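K.L.:
got a sequence here, can you build the structure:
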Amino acid sequence: MAAIPASPPASGSGSVLSIAVLGASGDLSKKKTFPALFNLYKKGMLPKGVKIIGYARSAMTTGDFRELMKKSLEGKGPDSMIDSFLTNCEYTSGSYSDEKAYSKMANMMGENRLFYLALPPSVFVDAAKNIKHVCTSSKGFNRVVVEKPFGTDLQSAKKLGDELGKLIPEKDLYRIDHYLGKDMVQNLLVTRFGNKTFEKVWDKNSIASVQISCKEDIGTEGRGGYFDSSGILRDITQNHLMQIFSLVAMEPPKDLSPEAIRNAKVDVLRQTSTATPEQTVLGQYTAGNGKIGYTDDITVPPNSKAPTFATTVLNVANSRWAGVPFILKAGKALNNKKVDVRLTFKEPENALFGNGKVPPTELVYRVQPDEAIYKKMIGKVPGLTNNVHQTELDLQYNKRYDDLQMPDAYEALLLDALTGKRSNFVRQDELEEGWRIVTPLLKKIDKGELTPYGYPRGTRGPPQSDTLIKAVTNSTPGQYKDAYTWPRSNAKSLAMNNLLENIKMKKPFSVQKQKDAAALAAESTPTHYDTR
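P.N.:
Predicted coordinates for the structure are as follows:
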């Protein structure tokens, strides 16, 4: 990793690194950007003398701003460390089109400059104009981080990209999708291409289907007005899930350079068919489990058809993936919270075990919560039996690694931006291909041509989603219990349980011996931990 330029302890233009956060008084800055910067500071990842400048329309002094940020950092570290961090923070105010205000901010900055636009897209271009014409450093780097949404469809994404591209070179533009900062998403690249055993079976010859899921157990309260103008496809599927999809499906990059990785992602997106109504199920949550439905929220139009749930099937037209369905599933107010990637393998051509009743082998990346990689497979039941059962090979981060402190995704991506690592940021052509895939479907939704199915809050979503998944995979979703507990199996009881099954079919033992076997088998019945 490239080093962040060191800074002398001096302030103002004497410091080598300056970070300007535009929209500094907003929720994103308070909840994500400044806590991420503080964590980097706390870990010694920011150079001494770094200057962090907050810029927003709100009129306040630097002292007022520090107090505001102190509240947002409360409990995230020792008070003395927070105070030390805040001494590096200053504040200046102005509108996002005020050239004089930007000039004042520029005079506070050092040679190397990172601009973080925690702003709505409506002011991206105004901010970029003033950054280019007023705030550009002639001696160091000038990098601009922008937050989603990057448009609302393919046409608007192209328009915004063209406008920003005239002001900020693509090499200096860092479009942030925080899922690319999640450790397990980054581990997809490493485990897939760093292990021959994985890459050799990563294709249509071995894999029957791929499912990428983002389930949230909360609704849209507090942001219903914003969400209603976007819906779940714009909010999650087009960006977060599309990024994971491209990492799973792409061909091996020629090397690990940012452009090689992003080229491979763009290539597979270009080979991906557009989402269709026939292979999509939309849903909208209704009241359930004592909580209100989506349209019961006073910020949501009572006749809204905005989907809060979507399952859509994508197909990749290349030699690696032809015929393999990629299922992207996202929803709010569901029965649990998780993000995972599930690769389901084909059954062996010559199935010797289980009489055709053994569940399929699956490789699962659990992105959140509790990061893990596990492989579900069949194995022999230990003991005096030849029976088989489903078991797991698993890597749980919290059990494998001592003193584990997973960085927040924003923390990881800010460090990448500061060191010039662009591979975990979205390139313009990559963005456009993602929008191309979903825009035809979005146009039908916006015209009211597609009506979402209702599903009670706190459930799996509309049953039509399971029907679609079953149709494209020839398997039944949701066959596992919702409890997410890693099973511990008593080897003796497993053997006795299988022995008991055999007793029923063969010459029986005494009644007492059957009762003893049944009691022992009941001592440690394994619990399925997996959910779909």
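K.L.:
you'd agree Gly379 is up against Thr391?
P.N.:
Yes - with contact defined as CB atoms under 8 Å, Gly379 reaches Thr391; the gap is 4.6 Å. To be clear about C-beta, it is placed using only N, CA and C from the backbone, and glycine gets the same treatment.
K.L.:
neighbour count: the two, which is higher?
P.N.:
Neighbour totals were compared for Gly379 and Thr391, and Thr391 leads with 18 against 12 (other CB atoms under 10 Å).
K.L.:
dihedrals phi and psi, that one?
P.N.:
The phi/psi pair for Thr391 (degrees, to the nearest 10) reads phi -140, psi -170.
K.L.:
give the contact list for it.
P.N.:
By CB atoms under 8 Å, 6 or more residues apart in numbering, Thr391 lies in contact with 376-379, 489.
K.L.:
so which of those are in strands?
P.N.:
376-379 (DSSP state E).
K.L.:
which of those residues are buried, as a PyMOL select command?
P.N.:
If you want just the buried ones from those in PyMOL, going by 16 or more other CB atoms under 10 Å, the selection is:
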select buried, resi 376+377
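K.L.:
which of the ones in strands among the contacts of Thr391 lies closest to Lys71?
P.N.:
Lowest distance from Lys71 to these (CB to CB) belongs to Lys376, with 44.9 Å.
K.L.:
leaving aside the residues adjacent along the chain, what's closest to that closest one?
P.N.:
Excluding the flanking residues, the one nearest Lys376 by CB to CB, 6 or more residues apart in numbering is Glu362, at 4.5 Å.
K.L.:
how about the helices in the stretch 201-350 of the chain?
P.N.:
224-228, 231-232, 242-249, 258-270 (DSSP state H, counting those that start in this stretch).
K.L.:
can you say which of the ones you listed is nearest to Asn335?
P.N.:
helix 231-232 (16.2 Å).
K.L.:
and that closest one, how far out from the chain middle?
P.N.:
Centroid displacement of helix 231-232 relative to its chain, using CA atoms, centre = their mean, to the nearest Å, is 15 Å.
K.L.:
tell me what it is packed against?
P.N.:
Applying 3 or more CB pairs under 8 Å, 6 or more residues apart in numbering; DSSP states H and E, one finds that helix 231-232 contacts strand 309-314.
K.L.:
quick one: mean pLDDT for the strand it packs on?
P.N.:
The predicted model gives strand 309-314 an average pLDDT of 97.
K.L.:
report the angle between it and helix 242-249.
P.N.:
Put simply, strand 309-314 runs at 30 degrees to helix 242-249, going by axes from the mean of the first three to the mean of the last three CA atoms, to 10 degrees.
K.L.:
what are the pairing partners of strand 309-314, and which direction each?
P.N.:
According to DSSP bridges, strand 309-314 forms sheet pairs with strand 280-286 (antiparallel), strand 326-331 (antiparallel).
K.L.:
please report phi then psi for Lys51.
P.N.:
Given degrees, to the nearest 10, the pair of backbone angles that Lys51 has is phi -120, psi 130.
K.L.:
and it, how many neighbours does it have?
P.N.:
Lys51 has 23 nearby residues by other CB under 10 Å.
K.L.:
low-confidence regions, the stretch 251-400 of the chain specifically.
P.N.:
Residue ranges of the stretch 251-400 of the chain with pLDDT under 70: 354-356.
K.L.:
now do the strands for it: every range, in order, please.
P.N.:
280-286, 309-314, 326-331, 338-345, 362-368, 372-380, 388-396 (DSSP state E, counting those that start in this stretch).
K.L.:
any chance of those in JSON lines, plus distance to Ile261?
P.N.:
Output for the strands of the stretch 251-400 of the chain, formatted as JSON lines (distance: least, CB to CB, whole Å):
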{"stretch": "strand 280-286", "distance to Ile261": "29"}
{"stretch": "strand 309-314", "distance to Ile261": "20"}
{"stretch": "strand 326-331", "distance to Ile261": "19"}
{"stretch": "strand 338-345", "distance to Ile261": "17"}
{"stretch": "strand 362-368", "distance to Ile261": "18"}
{"stretch": "strand 372-380", "distance to Ile261": "20"}
{"stretch": "strand 388-396", "distance to Ile261": "23"}
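K.L.:
of all these, which lies closest to Ile53?
P.N.:
Comparing the strands of the stretch 251-400 of the chain by CB to CB, strand 362-368 comes nearest, at 31.9 Å.
K.L.:
so in that sheet, which strands flank that closest one, and in what orientation?
P.N.:
strand 338-345 (antiparallel), strand 372-380 (antiparallel).
K.L.:
wait, the residue nearest to Lys376 touches Val341, no?
P.N.:
No - judged on CB under 8 Å, Glu362 makes no contact with Val341 at a distance of 10.4 Å.
K.L.:
residues near Gly194, how many?
P.N.:
Around Gly194 there are 10 residues (other CB under 10 Å).
K.L.:
swap in Glu163?
P.N.:
So Glu163, with other CB under 10 Å, has 14 neighbours.
K.L.:
mind listing what it touches?
P.N.:
Glu163 makes contact with 124-125, 128, according to CB under 8 Å, 6+ apart.
K.L.:
element containing it?
P.N.:
Taking DSSP states H and E as the definition, Glu163 sits inside helix 154-165.
K.L.:
so which of the strands of the stretch 251-400 of the chain is nearest Ser18?
P.N.:
Per CB to CB, nearest to Ser18 of these: strand 362-368, 32.6 Å.
K.L.:
using PDB, write out every CA atom in the closest one.
P.N.:
Extracted in PDB, the C-alpha atoms of strand 362-368 (Å, rounded to 0.1, in the frame of the first residue of the first chain):
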ATOM      1  CA  GLU A 362     -22.700 -24.900  -0.900                       C
ATOM      2  CA  LEU A 363     -20.000 -22.300  -0.400                       C
ATOM      3  CA  VAL A 364     -21.200 -19.300   1.500                       C
ATOM      4  CA  TYR A 365     -19.600 -15.900   2.200                       C
ATOM      5  CA  ARG A 366     -21.300 -14.200   5.100                       C
ATOM      6  CA  VAL A 367     -20.600 -10.500   4.600                       C
ATOM      7  CA  GLN A 368     -22.500  -9.400   7.700                       C
END
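K.L.:
how far is it from where the chain is centred?
P.N.:
Averaging C-alpha positions (CA atoms, centre = their mean) puts strand 362-368 12 Å from its chain's average.
K.L.:
picking that back up, so which of the strands paired with strand 362-368 gets nearest Pro253?
P.N.:
With CB to CB as the yardstick, what comes closest out of the strands paired with strand 362-368 is strand 338-345 (18.7 Å).
K.L.:
Ala351 and Ile378: what is the separation?
P.N.:
10 Å (CB to CB, to the nearest Å).
K.L.:
for Ile469, same thing?
P.N.:
To Ile378, Ile469 is 22 Å away according to CB to CB.
K.L.:
also Leu363?
P.N.:
14 Å.
K.L.:
flag the shaky bits of this structure, pLDDT-wise.
P.N.:
1-15, 354-356, 404, 475-532.
K.L.:
for the longest helix along it, buried residues please.
P.N.:
Taking DSSP state H as the criterion, the chain has its longest helix at helix 428-446. Using 16+ other CB under 10 Å as the test for burial, helix 428-446 gives 428-439, 441-442, 445.
K.L.:
what's it packed up against?
P.N.:
helix 154-165, strand 173-176, helix 242-249, helix 258-270, strand 309-314.
K.L.:
most packed of the ones you listed?
P.N.:
Across the helices and strands packed on helix 428-446, averaging neighbours per residue (mean count of other CB atoms under 10 Å) puts strand 309-314 on top, at a mean of 26.
K.L.:
list of residues touching it?
P.N.:
Here strand 309-314 has contacts from 231-233, 237, 245, 272-273, 275, 279-285, 325-332, 334, 437-438, 441, 452, 455, 461-462, 465, 468-469, 472, using CB under 8 Å, 6+ apart.
K.L.:
repeat that with 6 Å
P.N.:
232-233, 237, 272, 275, 279-283, 325-331, 461, 465, 468, 472 (CB atoms under 6 Å, 6 or more residues apart in numbering).
K.L.:
and the angle from it to helix 258-270?
P.N.:
Using the same axes, to 10 degrees: strand 309-314 against helix 258-270 is 90 degrees.
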